[in-house]
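**Q** Here is my input; please provide its structure:
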Amino acid sequence: MISLDEAVTARLESHGERFEVLIDPDAALAMKRGEFEGELEEVIAAEDVFENASRGDRPAEEDLETVFGTTDPLEIIPQIVERGEIQITAEQREEMQERKHKQLVNTITRNAVNPQMDDSPHPPERIERALEEAGFQIDPMEPVENQVDDALEALRPVIPIRFEEVTMAVQLPADYAGSGQAKVREFGDLEREEWQNDGSWVGVLTFPAGLQNDLYDLVNEVTSGEGDARVIKDKDELRTR
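**A** Numbers count the residues shown, from 1 in each chain. Coordinates of the predicted model:
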């Protein structure tokens, strides 16, 4: 379950009665779109149906039976969300907007590169400033992934940017290969790997281009700076050596 501070109220008025539930705002929006696939118990603040959630008043069981055909809260909650309205305060809306803005910046930072600087990643601060300069405002009521394309269109007149994946080869010396390769292989899609005769490990990974610096940092961390990572520009270079 979630905390009361994280929940919003979903309200349905039917048959002259009011029914309210407390639920995570993103989960509620997903339910209304028919896209919710999680566990209901994990996104509600109370396994209960209220007449007035702020006061804790509960409706009569006969009213629940009349409107929903059951008294089971876990069956009723989705109906209230899907058929009713989501009540979001100005403060909750502001918090949702701030959270989704950060998610948007993170998504763009992970996936975007600067084509005028040899496809180097854009730092988050640059994305933040460019979004502000472009006047882009994220909609707290829509999923972040649905707004990425619009954000990119707004950013292109401000900074050179495109989404891209990068393929990199990583070589870990024998002293670090055993434990290090397990961490590196989880970083992206491992296209191939090879153990060398000297005990070193070579892997080729593809991942969002904005994470190049993170991979360099990881390789340095797991090898105490003795490993190597390089971008592969030509697919013919995919032969490990």
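
**Q** what sits against Gln137?
**A** Listed by C-beta atoms under 8 Å, 6 or more residues apart in numbering, the contact set of Gln137 reads Gln97. Heads up, the C-betas are built off the backbone N, CA and C, glycines and all.

**Q** Can you tell me the SS state at it?
**A** At Gln137 the chain is in coil, as set by DSSP: H, G, I helix; E, B strand; the rest coil.

**Q** My guess is Leu22 contacts Ala45. True?
**A** Yes. If you go by C-beta atoms under 8 Å, Leu22 and Ala45 touch, sitting 3.9 Å apart.

**Q** And the next helix or strand past whichever strand or helix holds Asn213?
**A** Per DSSP states H and E: Asn213 is located in helix 212-223. Using DSSP H and E, the next helix or strand after helix 212-223 towards the C-terminus is strand 228-231.

**Q** Poorly predicted segments of this protein, please.
**A** Residue ranges of the chain with pLDDT under 70: 234-241.

**Q** and with 50 instead?
**A** Applying pLDDT under 50 to the chain picks out residues 238-241.

**Q** what ranges do the strands span in it?
**A** Taking DSSP state E as the criterion, the chain carries its strands at 8-14, 17-23, 85-87, 112-114, 120-121, 162-163, 165-172, 189-195, 201-208, 228-231.

**Q** So which of Leu22 and Ala45 has more stuff around it?
**A** Neighbour count, other C-beta atoms under 10 Å: between Leu22 and Ala45, Leu22 has more, with 24 against 19.

**Q** Tell me which residue is most central in the chain.
**A** Gln103 (6.2 Å; C-alpha atoms, centre = their mean).

**Q** For burial, what's the neighbour tally of the nearest residue to it once chain neighbours are set aside?
**A** In this structure, Gln103 finds its nearest non-sequential neighbour in Val144, 4.6 Å apart by C-beta to C-beta, 6 or more residues apart in numbering. Using other C-beta under 10 Å, Val144 has 20 neighbouring residues.

**Q** Look up how far Ile138 lies from Val144.
**A** Going from Val144 to Ile138 by C-beta to C-beta, to the nearest Å gives 7 Å.

**Q** My read is that Arg83 contacts Leu12, right?
**A** Yes. Assessed by C-beta under 8 Å, Arg83 is found in contact with Leu12 at 5.4 Å.

**Q** Mind checking which of these two has more residues around it?
**A** Leu12 (20 against 15).

**Q** Ala169 is in contact with Gly227, correct?
**A** No. Between Gly227 and Ala169 there is no contact under C-beta under 8 Å: 11.1 Å.

**Q** By residue count, tell me the biggest helix in this structure.
**A** helix 90-111 (DSSP state H).

**Q** who's in contact with that helix?
**A** For helix 90-111, using C-beta under 8 Å, 6+ apart, the contacting residues are 8, 25-26, 88, 121-124, 127-128, 131, 137-141, 144-145, 147-148, 151-152, 155, 161, 163-164, 208-211.

**Q** List the buried residues for that helix?
**A** Across helix 90-111, burial judged by 16 or more other C-beta atoms under 10 Å covers 92, 95-96, 100-101, 103-105, 107-111.

**Q** And for stretch 187-198?
**A** For stretch 187-198, by 16+ other C-beta under 10 Å, it's 187-188, 190.

**Q** And stretch 205-218, by the same measure?
**A** Applying 16+ other C-beta under 10 Å to stretch 205-218 flags 205, 207-212, 215-216, 218 as buried.

**Q** Export the residues you listed as CSV, with columns for distance to Glu65.
**A** Converted to CSV, those look like this (distance: C-beta to C-beta, whole Å):
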residue, distance to Glu65
Leu205, 57
Phe207, 53
Pro208, 51
Ala209, 56
Gly210, 54
Leu211, 53
Gln212, 59
Leu215, 58
Tyr216, 62
Leu218, 57
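
**Q** And those, which is closest to Ala182?
**A** Among those, Leu218 lies closest to Ala182 (C-beta to C-beta), at 11.5 Å.
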